[in-house]
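Visitor: pasted the sequence and its predicted model underneath.
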Amino acid sequence: MANETLILYQILMFLSLPLVFENIWIFYAPWIFLLFWEYGNIANSKNGEIRYQAMQITDFHKLKTLKVTIANSIAEITFCRPRKLNSMNTLFWSELPSVLETLDREAAARVAIICANGEHFTAGMDLAIFEHMLSRFDGEPARRAEQLRLGILELQHVFNVIEKIRFPVIAAVQGACVGGGVDLVCATDIRFCTEDAFFVIKETELGITADVGTLQRLQHVMPSGLARELAYTSRPMKAAEALSCGFVNFVSKNHDQLMTHARNTAKDIAAHSPVAVHGTKLMLNYSRDHNVSDSLDYVATWQAGMLQAADMQEAFQAKKERRASKFEELYAHRSAIK
């Protein structure tokens with residue numbers, strides 16, 4: 001029964017996803033390739049199961065789904081499977097959190113840009129993930145449900161990392177951003193896109209309640225009524241609408257202009273005290289989830305410990321001397337129990 005359900009689901013994915021693309025052949029050719037190629041890789045990925053792995057910065061060259069560069073305290077994390085529409089396969093769900101947590105642990109970046117090669121940002125979650133999750137529909141109902149819940153929490157962790165790391169993350173989106181792609185960009189701090197970009201909450205159309213963060217975060221970055229409409233209808237939201245509702249901050253004419261704007265914004269962020277930037281991100285996220293009174297109390301406690309003279313003195317001295325400020329990096333995190 002699980003295999004029959006998987007086949008029906010894959011057929012539905014195959015037939016429905018091209019509806020969000022204006023030129024159907026742009027979608028079908030790489031998707032056909034993906035169906036045959038990815039199933040050959042499933043056997044090498046523990047049947048679609050996500051495996052997180054400890055990583056060092058020196059391991060970044062071994063990544064299969066991402067390319068990472070670091071320069072001037074700015075990390076660029078690029079999806080590098082354009083022929084497969086940068087779909088989120090099992091390796092992606094392992095590699096992205098490992099990269100972000102490594103950058104944070106080693107204090108290797110003050111800001112990150114998540115971007116993509118190719119015409120499209122991402123077509124969303126790969127079939128291998130669905131196959132593995134559908135395999136959990138067998139067995140005793142309570143234990144089956146418990147396993148499925150753990151699997152969903154595992155996926156949620158991947159994008160929760162974006163909020164928990166100490167530095168801001170910028171999403172630079174071109175073309176399609178579908179399903180899991182929307183989950184991802186909702187968790188980022190800042191979103192830019194090209195004028196041909198569009199965003200689709202595809203899960204509802206496919207008989208699924210989106211469960212990796214879109215429904216929880218989207219209402220905080222756009223009007224609730226619009227978020228509900230997009231979620232209920234699964235209709236594409238184009239760049240102009242995304243800009244008008246505040247979901248994205250800037251729309252570029254092309255990908256080069258998009259990356260220039262993202263890099264300039266990242267440069268501005270990286271020029272500030274990393275302690276101040278970390279505190280600002282932490283307070284914004286905390287205030288989103290708590291009332292004003294609790295949030296004011298929290299920032300007062302933060303300032304009591306983190307408001308030190310060194311960065312303030314450097315900022316004032318740099319302005320006085322009309323030069324760029326030079327702030328010490330955050331310390332790399334070292335476990336207290338290892």
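Guide: Structure received. Numbering: from 1, shown residues only.
Visitor: next one: the helix or strand harbouring I162 to chain centre, how far?
Guide: Here I162 is covered by helix 141-164, with elements defined by DSSP states H and E. Here helix 141-164 is found 16 Å from its chain centre; the criterion is CA atoms, centre = their mean, to the nearest Å.
Visitor: C-alpha coordinates for it, CSV please?
Guide: Written as CSV, here are the backbone C-alpha positions of helix 141-164 (Å, rounded to 0.1, in the frame of the first residue of the first chain):
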residue,chain,number,x,y,z
PRO,A,141,-0.4,3.2,14.4
ALA,A,142,0.9,4.9,17.5
ARG,A,143,4.6,3.9,16.8
ARG,A,144,4.1,4.8,13.1
ALA,A,145,2.8,8.2,14.1
GLU,A,146,5.7,8.8,16.5
GLN,A,147,8.2,7.9,13.9
LEU,A,148,6.6,10.3,11.4
ARG,A,149,6.5,13.1,14.0
LEU,A,150,10.3,12.6,14.6
GLY,A,151,10.9,12.8,10.8
ILE,A,152,9.0,16.1,10.5
LEU,A,153,10.8,17.6,13.5
GLU,A,154,14.1,16.5,11.8
LEU,A,155,13.1,18.5,8.7
GLN,A,156,12.0,21.5,10.7
HIS,A,157,15.4,21.6,12.4
VAL,A,158,17.1,22.3,9.1
PHE,A,159,15.5,25.7,8.7
ASN,A,160,15.3,26.4,12.5
VAL,A,161,19.1,26.5,12.3
ILE,A,162,18.8,29.7,10.2
GLU,A,163,17.1,31.5,13.0
LYS,A,164,19.3,30.1,15.8
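Visitor: pull out the buried positions in that helix.
Guide: By 16 or more other CB atoms under 10 Å, the buried positions in helix 141-164 come out as 147, 151, 155-156, 158-159, 161-163. Where you see a C-beta, it was placed from the backbone N, CA and C, and this is true even at glycine.
Visitor: packing partners for that helix?
Guide: helix 90-105, helix 127-134, helix 180-187 (3 or more CB pairs under 8 Å, 6 or more residues apart in numbering; DSSP states H and E).
Visitor: where does pLDDT dip in this protein?
Guide: 1-53, 132-136, 338 (pLDDT under 70).
Visitor: could you list the domains of it?
Guide: 2-270, 274-321 (automatic domain parsing).
Visitor: quick one: closest of the helices and strands packed on helix 141-164 to A336.
Guide: If you check each of those against A336 by CB to CB, helix 90-105 wins as the nearest, at 13.1 Å.
Visitor: where do the helices sit along this structure?
Guide: 2-16, 24-42, 90-105, 127-134, 141-164, 180-187, 214-217, 224-233, 239-244, 255-270, 274-289, 292-306, 309-321 (DSSP state H).
Visitor: redo these as CSV? Include distance to I74.
Guide: Conversion of the helices of the chain to CSV gives the following (distance: least, CB to CB, whole Å):
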stretch, distance to I74
helix 2-16, 36
helix 24-42, 30
helix 90-105, 11
helix 127-134, 30
helix 141-164, 16
helix 180-187, 19
helix 214-217, 24
helix 224-233, 31
helix 239-244, 24
helix 255-270, 5
helix 274-289, 12
helix 292-306, 23
helix 309-321, 19
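Visitor: out of those, which is closest to A71?
Guide: For the helices of the chain, the distance to A71 is smallest for helix 255-270, at 9.7 Å, taking CB to CB.
Visitor: most packed of the helices and strands packed on helix 141-164?
Guide: When the helices and strands packed on helix 141-164 are scored by mean count of other CB atoms under 10 Å, the highest mean neighbour count falls to helix 180-187 (a mean of 28).
Visitor: so how far is it off the chain centroid?
Guide: Offset of helix 180-187 from its chain centre (CA atoms, centre = their mean): 5 Å.
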